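In: dropping the sequence and predicted coords here.
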Amino acid sequence: MVVKRVPLICTFLLGWVSVFGNEGIKWIDSDLKALEFGAQEGDSYAQAFLSLCYIHGDKGLNISFDKASYWANLATEADHWLGWFAMGYLHRFSPLGPNPKKVGEYYKKVFKNPDGILVKNVSTGDPLASYVLAEIFTAEEVEPEINSDLQFAAKHYASSSKSGYGPASIQHALLKLHANAFEGQNIDIGKDLKGGFFILKEVAEKQLPAGNHFLGRCYFKGIGVDEDFKMALVHFQAAADRGYTTSQLIVAHFYAYGLTGPAKIDLALRYANLALTQEKEIASEKIVEYEQLLMNQSKGIEQQVVQRTANSVPSPTNPSIIEPPPLPPEPIGLPEPPKFSAIDNRLPSVYEQKETSDSGLSIQPSPNEMSSGDDFDELELAKQHYFGRGANFDLKRAFQLFDQSANGGNPEAARYLGIMFLRGKGVSKDSQKALEWFTKAASGGDELAKKNLKTLQILSSRK
């Protein structure tokens, strides 16, 4: 089945009689104790919703994908549609993913249910069903069977948000803040910076980490509010302390480069280590970077950082002053519908990590990491030994495999060799060899290596 036009669904919705109780509103309005009791008593809707609460950090919970998986699994045992959606969402991220195939399978299982359960619940005004429908119609994993429709999704995010569902309010706010990205694309979404900011503020007051995270973005970039780095850090840190991985990386960045005061590399390392739970590879690379800064600090090498303000531009001619790397980019969630032209700044969903055009700091695998064949298997096995996942922790074997892959022309493997020599992991520390491997990786197009190389060159030039 290929769903080509959403209005057919809208017509379909009008034909349903509201014979289903509105459980979504019931659980959204309930307190955490009542929700947990319902889940423990075997209510599959409560179990699925509790899973989403752990995914989003809703109802004051800290984000926990392990606990979210537990409750989602219980809900799927009862074949509950919201449980299947939660499982699909979890397969976008570690430790179950990223697995686009599984995400697509679970989302389509929800949408194409022969009894039309999702559609029936939407017809009753269930805000969770509206949110799920919007998420499905903005998920590239379900294409080409279900074509994306951002305008249709926007209406359902707004409907769910009006009923008080925080994660839908986040997406509704982001649509208002980033509406300019859709200009000229026949999508009727009005730009409303003040309205978007106000929604995020309301969500943050309800203790939803994503609300704090995106408020931090607003303050950092001056979107709907005056630019204020200190307020940005307040909100990023509030989200980071609740388990929001992207904010953890950003807070680490703030402290490492002293964006609001003296650099505090010990705190930068603390937050980068927290991010290891969800972003092991990226966080590991940042830890390498910060350990190098700490090493220079211990040697008495002071790093002067240009503070970015609306009226200040760093001078590229002064080698003793460096501009810190930009913040990790906005996570991206809503995909480009197939018939739309490319959009540089698509909308963020809560956890997915991708790169935006205005950022110089990649927090995702570069295109060159999408290898195939034997080279891919060799590289993946090397990473398993390097991180100790899926295989015994063996740095010597990891080095051998990275070396083979790098000499075969894989730039990502070359970057890992640079990291190993820089940190002395499995080999003796050798900054010169690290520089050589980063140079080779950067020449091969590896974006992270380019940034590591730039940082290492700056640090080396100041010794």
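Out: Noted; the coordinates are in hand. Numbering: from 1, shown residues only.
In: which segments of this structure make up each domain?
Out: 7-164, 371-461 (automatic domain parsing).
In: and the helix or strand that contains Gln400, what's its mean pLDDT?
Out: Element membership for Gln400, per DSSP states H and E: helix 395-407. Mean pLDDT, helix 395-407: 90.
In: what about the stretch 201-350 of the chain, any weak spots by pLDDT?
Out: Counting by pLDDT under 70, the stretch 201-350 of the chain contains low-confidence residues at 298-350.
In: redo that, cut-off 80
Out: Residue ranges of the stretch 201-350 of the chain with pLDDT under 80: 296-350.
In: which stretches of it form helices?
Out: 209-221, 229-240, 245-257, 265-274, 280-298 (DSSP state H, counting those that start in this stretch).
In: so which of those comes closest to Glu202?
Out: With C-beta to C-beta, the closest approach to Glu202 among the helices of the stretch 201-350 of the chain belongs to helix 209-221: 7.7 Å. Heads up, the C-betas are built off the backbone N, CA and C, glycines and all.
In: pull out the buried positions in the closest one.
Out: By neighbour count on 16 or more other C-beta atoms under 10 Å, the buried set for helix 209-221 is Pro209, Ala210, Gly211, Asn212, His213, Phe214, Leu215, Gly216, Arg217, Cys218, Tyr219, Phe220.
In: can you tell me the closest non-neighbouring residue to the fifth one?
Out: Put plainly, it is His213. In this structure, His213 finds its nearest non-sequential neighbour in Ala239, 4.0 Å apart by C-beta to C-beta, 6 or more residues apart in numbering.
In: so what's the residue count around that neighbour?
Out: When neighbours are counted by other C-beta atoms under 10 Å, Ala239 registers 27.
In: and what of Lys191?
Out: Neighbours of Lys191 (other C-beta under 10 Å): 15.
In: quick check, it in a helix?
Out: No. Read with DSSP: H, G, I helix; E, B strand; the rest coil, Lys191 is coil and lies in no helix.
In: surely it touches Leu174?
Out: No. Using C-beta atoms under 8 Å, Lys191 makes no contact with Leu174, being 11.6 Å away.
In: now tabulate the domains of the chain in JSON lines and tack on distance to Asn273 and mean neighbour count.
Out: Shown next, in JSON lines, are the domains of the chain (distance: least, C-beta to C-beta, whole Å; neighbours: other C-beta atoms under 10 Å):
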{"stretch": "domain 7-164", "distance to Asn273": "16", "mean neighbour count": "20"}
{"stretch": "domain 371-461", "distance to Asn273": "14", "mean neighbour count": "18"}
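In: reformat these as JSON lines; add distance to Asp226.
Out: Output for these, formatted as JSON lines (distance: least, C-beta to C-beta, whole Å):
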{"stretch": "domain 7-164", "distance to Asp226": "25"}
{"stretch": "domain 371-461", "distance to Asp226": "30"}
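In: worst mean pLDDT among those?
Out: domain 371-461 (a mean of 79).
In: so which of the helices of the stretch 201-350 of the chain comes closest to Leu50?
Out: helix 209-221 (16.4 Å).
In: who are the contact partners of the residue nearest to His213?
Out: Pro209, Ala210, Asn212, His213, Gly216, Ser247 (C-beta atoms under 8 Å, 6 or more residues apart in numbering).
In: skipping adjacent residues, who's closest to Lys108 in space?
Out: Using C-beta to C-beta, 6+ apart, the closest residue to Lys108 is Val142 (5.7 Å).
In: my read is that the one you found contacts Lys109, right?
Out: No. Contact criterion C-beta under 8 Å: Val142 and Lys109 do not qualify, at 10.4 Å.
In: report the separation between the nearest residue to Tyr89 once chain neighbours are set aside and Ala48.
Out: Of all residues not flanking Tyr89 in the chain, Ile55 sits nearest, at 6.2 Å (C-beta to C-beta, 6+ apart). To Ala48, Ile55 is 11 Å away according to C-beta to C-beta, to the nearest Å.
In: what do those two both touch?
Out: With C-beta under 8 Å, 6+ apart, Ile55 and Ala48 have common neighbours Ala86.
In: re earlier: so the residue nearest to Tyr89: helix, strand or coil?
Out: helix.
In: for Glu279, see how far away the residue nearest to His213 is.
Out: 14 Å.
In: for Arg270, same thing?
Out: 15 Å.
In: and what of His156?
Out: Following C-beta to C-beta, the distance that separates His156 from Glu279 is 30 Å.
In: for Asp58, same thing?
Out: 21 Å.
In: now do Ser69
Out: 18 Å.
In: just Phe198 next, same as before
Out: With C-beta to C-beta as the criterion, Phe198 and Glu279 are 30 Å apart.
In: the two - which one has more neighbours?
Out: Neighbours were counted for Phe198 and for Glu279 using other C-beta under 10 Å; Glu279 has more, 24 against 15.
In: pretty sure the more buried one contacts Leu249?
Out: Yes. With contact defined as C-beta under 8 Å, Glu279 reaches Leu249; the gap is 6.9 Å.
In: what sits against Ala414?
Out: Contacts of Ala414 by C-beta under 8 Å, 6+ apart are Phe402, Ala406, Trp437, Phe438, Lys440, Ala441, Gly444, Asp446, Ala449.
In: now intersect those residues with the strands, please.
Out: The strands, defined by DSSP state E, take in nothing from the contacts of Ala414.
In: format the residues you listed as CSV; extra columns: distance to Arg423.
Out: Converted to CSV, those look like this (distance: C-beta to C-beta, whole Å):
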residue, distance to Arg423
Phe402, 13
Ala406, 17
Trp437, 12
Phe438, 13
Lys440, 18
Ala441, 15
Gly444, 21
Asp446, 18
Ala449, 15
